[in-house]
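Trainee: give me coordinates for this.
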Amino acid sequence: MKVLLIQPPKSPRTIGGEDVFIYEPLALEYLAAGVKEDHDIRILDMRLEKDLGQVLGEFGPDIVGITAYTVHVNVVWNLFEQIKRWNPSTCTVVGGHHATVMPMDFVSPFIDVIVTGEGVSPFKEIVKRLERREKLDGIPGTAVTANGRLVSTPYEPDSDLDAFPFPDRTLTARYRGKYYSEWMKPLASIRTSKGCPYRCTFCAEWKIAGGHYLKRKPRRVVEELGEIGEEYVFFADDESLVDAPRMSELARRIKEAGIRKRYFLYGRSDTIARNPRLLDTWRDVGLERVFIGLEFFRDEDLAYVGKSSTASDNERAVRMLQDLGIDVYASFIVRPDFSHADFFSFRQYCRDLGLNYASFAVLTPLPGTDLYEEVRDQIVTRNYDDFDFIHTLLPTALPIKEFYREYRQLFMHAIPMRRQISQLKKYALRDIPGTILKGRRFYDRLATIHLEYGR
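Mentor: Just a heads-up that it's a prediction; the model follows:
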């Protein structure tokens, strides 16, 4: 059978996404690896290759699978409609984060099967049944529409991540030079764990993993790293450093294997603050950058979202990484109820930390999270294109125009200009003009985003 797997593009209305970074479609590479032995598989990354119609005509798939985050829902609906109009007999399958937490959002005459949870086993079974011309209902980890209602067969969270085959990266060979995050290009991705032992209210990843923190064996991670050609590698984990003994063993095995890469991974500030020797060890094997969800600058805000770390943890973690010469990718959250004084204090806090890079997400109640259930009646827009962490979904305390003026100033001035310029030295010369242009477009969009709210 011919199987087409699609990584969808963002909507033009959505801010960010592939305008800022493009990671390899690891989930699709895992799916492909699960069925590639007996079938003709193709991955279409529509962030980089837009013409679906041409691919459908040339390849002629029997089954099309598309993965989706919340922000992709509308785009994915339109893609499936296009596919079914091209050939109504093509089997259409949707999976990914949003399908797992809100499968009912994909009840559509253009979608045949919804996959919830890890997709490798369910998708493999779907392909087998199609080949045998059998019904697609009753597959664990899937949902189908019957008599106008959604009928789900529950999934059990996979506990052994090493049972999966390595992702098939050969199917993204034509794109691999274009996967990046800021100056880290080309950038490969690898998953070493899944889930998180913490319970932040704005995150659903711990729920998707059944409340567990699942880990791959270090030797298997090293084996997969040995097959990756890229110099830069991103650890696509929900939290990479939380199991310090495991990460120490992984660093040791990487060193013993003689693998030299430049790593980028997630780490909580409290984990980092407790484990200075671990970070020192990882720096020596190639850790170059850490994404830290600092979130807020006050303990009361951290407590509001169930974050068990503190502002003191944040400061110690940043200082530790700076002392080690590891780049800090600081990620913060802006509450919609912030005042002018809050924004001023936030800017000053970032400057006092001496950060070279920071991103600021508007607090976003994503479906599937405890936060969403808490504030769902207050949400001002149900357009999933706006679930991009830039559009506010909740009422703002400031008039919307003033909120976004302050928000824009936060991006522009939380990091001193000299530090922003110094970051450009990390980029290849050919990428600097495009990077500056992207920044200008982003600031221009922030200057007018209030108009999208009609007030």
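Trainee: near Tyr30, how many other residues are there?
Mentor: Counted with other Cβ atoms under 10 Å, the neighbours of Tyr30 add up to 20. Where C-beta positions appear, they are placed from N, C-alpha and C, glycine not excepted.
Trainee: ranges for the helices of the stretch 51-200 of the chain?
Mentor: If DSSP state H, counting those that start in this stretch is used as the criterion, the helices of the stretch 51-200 of the chain fall at 52-59, 73-86, 97-101, 120-131.
Trainee: hey, which of those helices is tucked in deepest?
Mentor: Between the helices of the stretch 51-200 of the chain, helix 97-101 has the highest mean count of neighbours, a mean of 23, where neighbours are mean count of other Cβ atoms under 10 Å.
Trainee: just the CA coordinates for it, please, in CSV.
Mentor: The C-alpha coordinates for helix 97-101 follow below in CSV (Å, rounded to 0.1, in the frame of the first residue of the first chain):
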residue,chain,number,x,y,z
HIS,A,97,-1.5,15.8,20.6
HIS,A,98,-4.8,17.3,19.9
ALA,A,99,-6.4,14.1,18.6
THR,A,100,-5.4,12.5,21.9
VAL,A,101,-6.8,15.2,24.2
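Trainee: can you show me the strands along the stretch 1-150 of the chain?
Mentor: Secondary structure of the stretch 1-150 of the chain (DSSP state E, counting those that start in this stretch): strands at 2-7, 21-22, 40-45, 63-67, 91-95, 113-115, 142-146, 149-153.
Trainee: out of the ones you listed, nearest to Arg191?
Mentor: With Cβ to Cβ, the closest approach to Arg191 among those belongs to strand 63-67: 14.2 Å.
Trainee: what comes into contact with the closest one?
Mentor: The set of residues external to strand 63-67 that reach it, using Cβ atoms under 8 Å, 6 or more residues apart in numbering, is 1-8, 25, 27-28, 31, 76, 79-80, 83, 90-96, 115, 119, 123, 126-127, 130.
Trainee: can you lay out the helices of the stretch 51-200 of the chain as TSV showing distance to Ser339?
Mentor: As requested, the helices of the stretch 51-200 of the chain are arranged in TSV below (distance: least, Cβ to Cβ, whole Å):
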stretch	distance to Ser339
helix 52-59	46
helix 73-86	33
helix 97-101	32
helix 120-131	47
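Trainee: before we move on, back to that, can you put the strands of the stretch 1-150 of the chain in JSON lines and add mean neighbour count and distance to Leu52?
Mentor: Below are the strands of the stretch 1-150 of the chain laid out as JSON lines (neighbours: other Cβ atoms under 10 Å; distance: least, Cβ to Cβ, whole Å):
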{"stretch": "strand 2-7", "mean neighbour count": "24", "distance to Leu52": "8"}
{"stretch": "strand 21-22", "mean neighbour count": "17", "distance to Leu52": "18"}
{"stretch": "strand 40-45", "mean neighbour count": "21", "distance to Leu52": "7"}
{"stretch": "strand 63-67", "mean neighbour count": "26", "distance to Leu52": "9"}
{"stretch": "strand 91-95", "mean neighbour count": "26", "distance to Leu52": "13"}
{"stretch": "strand 113-115", "mean neighbour count": "27", "distance to Leu52": "19"}
{"stretch": "strand 142-146", "mean neighbour count": "19", "distance to Leu52": "23"}
{"stretch": "strand 149-153", "mean neighbour count": "12", "distance to Leu52": "26"}
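Trainee: doesn't Ile390 make contact with Gly16?
Mentor: Yes. Contact status for Gly16 versus Ile390: in contact at 6.1 Å, counting by Cβ atoms under 8 Å.
Trainee: neighbour count winner among the two?
Mentor: Ile390 (20 against 16).
Trainee: and the closest residue to that one other than its chain neighbours, what does it touch?
Mentor: Nearest residue to Ile390 in three dimensions, chain neighbours excluded: Ile15, at 4.2 Å (Cβ to Cβ, 6 or more residues apart in numbering). For Ile15, the set of contacting residues under the criterion of Cβ under 8 Å, 6+ apart consists of 388, 390-391, 442, 445, 449.
Trainee: closest to Ser269 among those residues?
Mentor: Minimum separation from Ser269 among these (Cβ to Cβ) is found for Ile390, which lies at 23.3 Å.
Trainee: can you pull the contacts of that closest one?
Mentor: For Ile390, the contacting residues are 15-16, 361-362, 446, 449, taking Cβ under 8 Å, 6+ apart as the criterion.
Trainee: so how far is Val107 from it?
Mentor: 28 Å (Cβ to Cβ, to the nearest Å).
Trainee: now the helices of the stretch 51-200 of the chain as CSV including mean pLDDT and distance to Ala188?
Mentor: Formatted as CSV, the helices of the stretch 51-200 of the chain follow (pLDDT from 0 to 100; distance: least, Cβ to Cβ, whole Å):
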stretch, mean pLDDT, distance to Ala188
helix 52-59, 97, 24
helix 73-86, 98, 25
helix 97-101, 96, 21
helix 120-131, 96, 19
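Trainee: which residues in the stretch 301-450 of the chain form strands?
Mentor: Under DSSP E, counting those that start in this stretch, the stretch 301-450 of the chain gives strands at 327-334, 358-362.
Trainee: output the shortest one as CSV, nothing but the C-alphas.
Mentor: These are the backbone C-alpha positions of strand 358-362, laid out as CSV (Å, rounded to 0.1, in the frame of the first residue of the first chain):
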residue,chain,number,x,y,z
ALA,A,358,14.2,35.0,26.0
SER,A,359,10.8,34.1,24.6
PHE,A,360,7.4,35.2,26.1
ALA,A,361,4.2,33.2,25.7
VAL,A,362,0.8,34.5,26.6
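Trainee: what are the buried residues along it?
Mentor: Of the residues in strand 358-362, 358, 360-362 count as buried by neighbour count, 16 or more other Cβ atoms under 10 Å.
Trainee: lowest-confidence entry in these?
Mentor: Least confident by pLDDT among the buried residues of strand 358-362: that is Ala358, with 95.
Trainee: report the helix or strand with the lowest average pLDDT across the chain.
Mentor: Lowest by mean pLDDT, DSSP states H and E among the helices and strands of the chain is helix 205-208, with a mean of 89.
Trainee: starting at the chain centroid, how far to the next helix or strand after that one?
Mentor: Downstream of helix 205-208, the next assigned helix or strand under DSSP states H and E is strand 213-215. Using Cα atoms, centre = their mean, to the nearest Å, we find the averaged C-alpha position of strand 213-215 to lie 18 Å away from the chain's own average C-alpha position.
Trainee: circling back to that earlier point, ok, and what's touching the least confident helix or strand of the chain?
Mentor: Contacts to helix 205-208, defined as Cβ under 8 Å, 6+ apart, come from residues 97, 100-101, 117, 157, 194-200, 238, 368-369.
Trainee: in ChimeraX, how would I select the buried members of these?
Mentor: With 16+ other Cβ under 10 Å as the burial test, the buried ones among the contacts of helix 205-208 are selected in ChimeraX as follows:
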select :97,100,101,117,157,194,195,196,198,200,238,368,369
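Trainee: from the contacts of helix 205-208, which is closest to Ala330?
Mentor: Minimum distance to Ala330 across those is 16.6 Å, recorded for Cys200 (Cβ to Cβ).
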